[in-house]
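Enquirer: Quick one, what's the 3D model for this:
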Amino acid sequence: QVQLVESGGGLVQAGDSLRLSCAASGRTFNTYAMGWFRQAPGKEREFVAAISWTGTILSYADSTKGRFIISRDNAKRTVYLQMNSLKPEDTAVYYCAAGSRVLLQPTGYDYWGQGTQVTVSS
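Expert: A predicted model of the protein is given here:
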């Protein structure tokens, strides 16, 4: 069992940076791949980035590649999402998720956090 708690969301201006954190509890955190997803009002939940449990496999959505960086610190049981050059279209609730491997589909993940709101003003 893994419990996930996101933090770090907020209101920023276009071009700003923000770092999200996802703290995990549970002794098996180090064996899970971790993903970040986001969901804007009226839209489906979409993939943002994911990282394998070793940190050696990274995957990004085309819309975030080159701007966002996913990383993890297994000793701290935390995964991060560094978001740079933010755009208004990045506005959404951001969720972290834990699963057995790096996947782009939300259905591939077993555990989810409650989400943190990111709002980017123009």
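
Enquirer: Please count neighbours and contacts with C-alpha atoms only from this point.
Expert: Will do.

Enquirer: Now do the strands in this protein.
Expert: Using DSSP state E, the strands of the chain run over residues 3-7, 10-13, 18-25, 33-39, 46-51, 58-60, 68-73, 78-83, 92-99, 109-112, 116-121.

Enquirer: Residue 94 bridge partners, please.
Expert: Per DSSP bridges, the residues bridged to residue 94 are residue 38, residue 116.

Enquirer: And residue 10, how far from residue 90?
Expert: 12 Å (CA to CA, to the nearest Å).

Enquirer: Give me the common contacts of these two.
Expert: Residues touching both residue 10 and residue 90 (CA atoms under 8 Å, 6 or more residues apart in numbering) are 118, 119.

Enquirer: Neighbour count for these two, which is higher?
Expert: residue 90 (20 against 14; other CA atoms under 10 Å).

Enquirer: That one and residue 122 touch, don't they?
Expert: No: when contacts are counted by CA atoms under 8 Å, residue 90 is not listed as touching residue 122 (11.0 Å).

Enquirer: Would you mind measuring from the most centrally placed residue in the chain to residue 122?
Expert: The chain has residue 36 as the residue nearest its centroid, 2.4 Å off, counting by CA atoms, centre = their mean. To residue 122, residue 36 is 23 Å away according to CA to CA.

Enquirer: Check residue 11 too.
Expert: Residue 11 is 11 Å from residue 122, by CA to CA.

Enquirer: Now for the two: what residues contact both?
Expert: Shared contacts of residue 11 and residue 122, counting by CA under 8 Å, 6+ apart, come down to nothing at all.

Enquirer: With that, I have no additional questions.
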